[in-house]
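Q: Any chance you could fold what I've pasted below:
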Amino acid sequence: MQEALLNKKSKIAVIGLGYVGFPLAMAFAQKLSVIGFDSNERKIKLLQKANTGEATTGSADFAAGDIVFTSDAEQLRQAVFFIIVVPTPIDKYNVPDLGPLMEASKTVGCVLKKGDYVVYESTTYPGCTEEDCLPVLEQYSGLKMGVDFKLGYSPERINPGDKKNTLKTVVKVVAGNDAEALDTIAKTYELVVDAGVHRAPSIKVAEASKIVENVQRDLNIALMNELSLIFDHIGINTFDVLEASGTKWNFLKFQPGLVGGHCIGVDPYYLTYKAASLGYDSKVIAASRSINDDMAKYVARKVITHVLRNATEPRVLVKGVTFKENVSDIRNSKIVDTVKELLAFNIKVDVEDPYALPEDVHEEYGLQLTTNPGKVYDAIIITVPHAPYCKLDDAWFAAISTPAAMIFDLKGIYKGKIKSRQYWSL
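A: Residues are numbered from 1 along each chain as shown. Below is the predicted model:
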């Protein structure tokens, strides 16, 4: 297979062209012949225009790339190596939603042939690939894993907005259903991952490794958030404490904050769901999720208490709706929970963000972004350290707020810099 892929006699297909799938497809397109598949026809049309040079935005990404973008599943029949990279969200009850994963498995199953490989990258709980996805592949293909086709898993490690830790520079964990599958999958990824690969002993181990990466961060951030709650009652600044503690060589430098996005705020629920299905009630992981999920409402209560004491018709400006700095991704944005709490108290709220797309924010959350903030805010909430925000100073905040206003700096960007207004941080 390796030789056929390199000679472009065979094709590789990437199913799902989101923040993980697209750069993965483009990386492989520099070496192999690639089919980029996504069910979102609007996205495919935009990518097709960019690929043919009709669109200038992002066209440099397509230089020397051998790739075809399509939403037609029939074109996938040309591929022999399939990589499935679709979202694995949770529903409103924090239960894993395998819908996109099952649909992608069905799509691939319908075109699967003898000798093909299927590798999953979507983050999920240990056992999902073999216990949930594999039966769908076998049902729709009429083939048997290990006899007719090979199965693998390689957890994605893409960090949106990170120019240093990229697909090429981060070690890739890979796993296969047998030794032959593992070797072929590892060698295929080594074509695009300069840092090399780590060969996990089983698919379940590879699945678990990804979950643990995000659970560990969730636990540590939850500890910082709980410390922030305690220090707020004591009356000391959490970031001052962390700065002092950080002088010890083995102190882990995590910070408090709202935990949203598509990974840390979601993945732990996949593990607790799996644990519950096996009769184990997770305690530490569940506790960290509870703490982190409650932080948005805690911030809202602090803001509500302040503005209702100081204004008859309070106005609040929220700066930042993306889940992290310098990206456009608004999935599972926890500041939206804060905004909803403020609106429930009939508080006027303006939301702005230089990176978020207004149409996405409105479609996902029903909120209208403002591009022209007002001048008389009773509170300003800064949620993430977007590059333009880091340049703001005390005079800027004073110019758009009332004398009694408070600056709620969730990431400690302006610690020690706000003099003319009241200041609070997590």
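
Q: Now do the helices in this protein.
A: With helices called from DSSP state H, the chain shows them at 2-6, 21-29, 41-51, 99-109, 128, 134-141, 179-189, 203-234, 238-245, 267-277, 284-310, 335-344, 358-365, 394-399.

Q: Including mean neighbour count, distance to V80 and mean pLDDT, could the ones you listed go into JSON lines?
A: Yep, even glycine has a C-beta here, placed from its N, CA and C like the rest. Listed next are the helices of the chain as JSON lines, based on neighbours: other CB atoms under 10 Å; distance: least, CB to CB, whole Å; pLDDT from 0 to 100:
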{"stretch": "helix 2-6", "mean neighbour count": "14", "distance to V80": "7", "mean pLDDT": "87"}
{"stretch": "helix 21-29", "mean neighbour count": "23", "distance to V80": "13", "mean pLDDT": "94"}
{"stretch": "helix 41-51", "mean neighbour count": "16", "distance to V80": "22", "mean pLDDT": "86"}
{"stretch": "helix 99-109", "mean neighbour count": "20", "distance to V80": "12", "mean pLDDT": "98"}
{"stretch": "helix 128", "mean neighbour count": "23", "distance to V80": "24", "mean pLDDT": "98"}
{"stretch": "helix 134-141", "mean neighbour count": "18", "distance to V80": "13", "mean pLDDT": "98"}
{"stretch": "helix 179-189", "mean neighbour count": "19", "distance to V80": "11", "mean pLDDT": "97"}
{"stretch": "helix 203-234", "mean neighbour count": "19", "distance to V80": "20", "mean pLDDT": "97"}
{"stretch": "helix 238-245", "mean neighbour count": "16", "distance to V80": "51", "mean pLDDT": "96"}
{"stretch": "helix 267-277", "mean neighbour count": "20", "distance to V80": "30", "mean pLDDT": "96"}
{"stretch": "helix 284-310", "mean neighbour count": "18", "distance to V80": "39", "mean pLDDT": "97"}
{"stretch": "helix 335-344", "mean neighbour count": "20", "distance to V80": "43", "mean pLDDT": "97"}
{"stretch": "helix 358-365", "mean neighbour count": "14", "distance to V80": "35", "mean pLDDT": "95"}
{"stretch": "helix 394-399", "mean neighbour count": "14", "distance to V80": "57", "mean pLDDT": "97"}
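
Q: Quick check, L258 in contact with K334.
A: Yes - between L258 and K334 there is a contact under CB atoms under 8 Å: 4.0 Å.

Q: Next, show the common contact partners of those two.
A: Here L258 and K334 have 295-296 as joint contacts, going by CB atoms under 8 Å, 6 or more residues apart in numbering.

Q: Make JSON lines from the helices of the chain and add distance to E74 to it.
A: Formatted as JSON lines, the helices of the chain follow (distance: least, CB to CB, whole Å):
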{"stretch": "helix 2-6", "distance to E74": "21"}
{"stretch": "helix 21-29", "distance to E74": "18"}
{"stretch": "helix 41-51", "distance to E74": "14"}
{"stretch": "helix 99-109", "distance to E74": "10"}
{"stretch": "helix 128", "distance to E74": "27"}
{"stretch": "helix 134-141", "distance to E74": "14"}
{"stretch": "helix 179-189", "distance to E74": "24"}
{"stretch": "helix 203-234", "distance to E74": "29"}
{"stretch": "helix 238-245", "distance to E74": "55"}
{"stretch": "helix 267-277", "distance to E74": "32"}
{"stretch": "helix 284-310", "distance to E74": "42"}
{"stretch": "helix 335-344", "distance to E74": "39"}
{"stretch": "helix 358-365", "distance to E74": "30"}
{"stretch": "helix 394-399", "distance to E74": "55"}
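
Q: So for L258 and K334, which sits in the more crowded spot?
A: Just comparing L258 and K334: by other CB atoms under 10 Å the higher neighbour count belongs to L258, 28 against 21.

Q: I figured Y377 hits R315, correct?
A: Yes - in this structure, Y377 is within contact of R315 by CB under 8 Å, at 5.1 Å.

Q: Identify the contacts common to those two.
A: Shared contacts of Y377 and R315 (CB under 8 Å, 6+ apart): D350.

Q: where's S245 relative to D232, distance?
A: S245 sits 17 Å away from D232, going by CB to CB, to the nearest Å.

Q: about what we covered before: between the helices of the chain, which gets nearest to S328?
A: Closest to S328 of these is helix 358-365 (CB to CB; 7.6 Å).

Q: Need the nearest residue in space to the residue nearest the centre of the chain, chain neighbours excluded.
A: For the chain, the residue nearest the mean C-alpha position is H262 (3.3 Å; CA atoms, centre = their mean). Distance criterion CB to CB, 6 or more residues apart in numbering; nearest residue to H262, sequence neighbours excluded, is R331 at 4.7 Å.

Q: K253 now?
A: Ranked by CB to CB, 6+ apart and with sequence neighbours excluded, the top spatial neighbour of K253 is G246, at 5.4 Å.

Q: How many residues are close by that neighbour?
A: As a burial measure, G246 scores 11 neighbours (other CB under 10 Å).

Q: rewinding a little: do I have it right that the residue nearest to the centre of the chain meets I330?
A: No - the pair H262 / I330 is not scored as a contact, 10.2 Å apart, by CB under 8 Å.

Q: So the protein: which segments form each domain?
A: Domain assignment for the chain, taken from automatic domain parsing, gives 2-201, 221-425.

Q: Pipe the ones you listed into a markdown table and attach distance to I211 per row.
A: Putting the domains of the chain into a markdown table (distance: least, CB to CB, whole Å) gives the following:
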| stretch | distance to I211 |
| --- | --- |
| domain 2-201 | 7 |
| domain 221-425 | 5 |
